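mind looking at a prediction? Sequence and model below.
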Amino acid sequence: EVDVVESGGGLVQAGGSLRLSCTATEFTLNDWAIGWFRQAPGKDREGLACISESDGSTYYDDSVKGRFTVSTDSAKNTVYLQMNRLEPKDTAVYYCARTVPPCSTYEVVAYDYEFGGQGTQVTVSS
């Protein structure tokens, strides 16, 4: 497990926005590719997005492309997931994780990443 902490989740109405944060204290996020995942009850963990500041690569799954944006704040050693136009199907626990750069150009899969946080719950009401 790696030292990451996810935060920023909450309850929001459909169409609303949330910004999730991923922070670490024992390593520099920009040295790694950071992925965002979510897991809804009874479902597999789903890869959503990836960002790698070291080589400038990013990736978005089709399910979130155009609605979610991943970014970094080097000074705060934080990676963000801005989520807009949220839908009830986005309800899940959201996790961040790291992998060796660069981001894959075709998918984000959990077995490629190291996890460690407890996740943050996002609930979207209709």
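Perfect, I can see it now. Numbering: from 1, shown residues only.

tell me the centre residue of this structure?
Nearest residue to the geometric centre of the chain (Cα atoms, centre = their mean): W36, 2.2 Å.

quick one: pLDDT of that one?
W36 carries a pLDDT score of 98 in this model.

again with the one 5 residues further on
Per-residue pLDDT puts P41 at 92.

just confirm it is within a strand.
No. Counting by DSSP: H, G, I helix; E, B strand; the rest coil, P41 falls outside a strand, being coil.

give me the neighbour count for it.
By other Cβ atoms under 10 Å, the residues close to P41 number 7. All C-beta atoms are positioned from the backbone trio N, CA, C, and that covers glycine.

likewise C96?
C96 has 31 neighbours, counted by other Cβ under 10 Å.

ok, it touching G117?
Yes. Applying Cβ atoms under 8 Å, one finds C96 in contact with G117, separated by 6.4 Å.

can you pull the residues that touch both of the two?
Here C96 and G117 have V4, E6, C22 as joint contacts, going by Cβ atoms under 8 Å, 6 or more residues apart in numbering.

got TSV for the residues you listed, with pLDDT, neighbour count and secondary structure too?
Putting the shared contacts of C96 and G117 into TSV (pLDDT from 0 to 100; neighbours: other Cβ atoms under 10 Å; DSSP: H, G, I helix; E, B strand; the rest coil) gives the following:
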residue	pLDDT	neighbour count	secondary structure
V4	96	24	coil
E6	98	24	strand
C22	98	27	strand
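
before we move on, the earlier item: wait, the residue nearest to the centre of the chain touches L48, no?
Yes. Here W36 reaches L48: they are 4.7 Å apart, a contact under Cβ under 8 Å.

joint contacts of the two?
Shared contacts of W36 and L48, counting by Cβ under 8 Å, 6+ apart, come down to F68, L81, V108.
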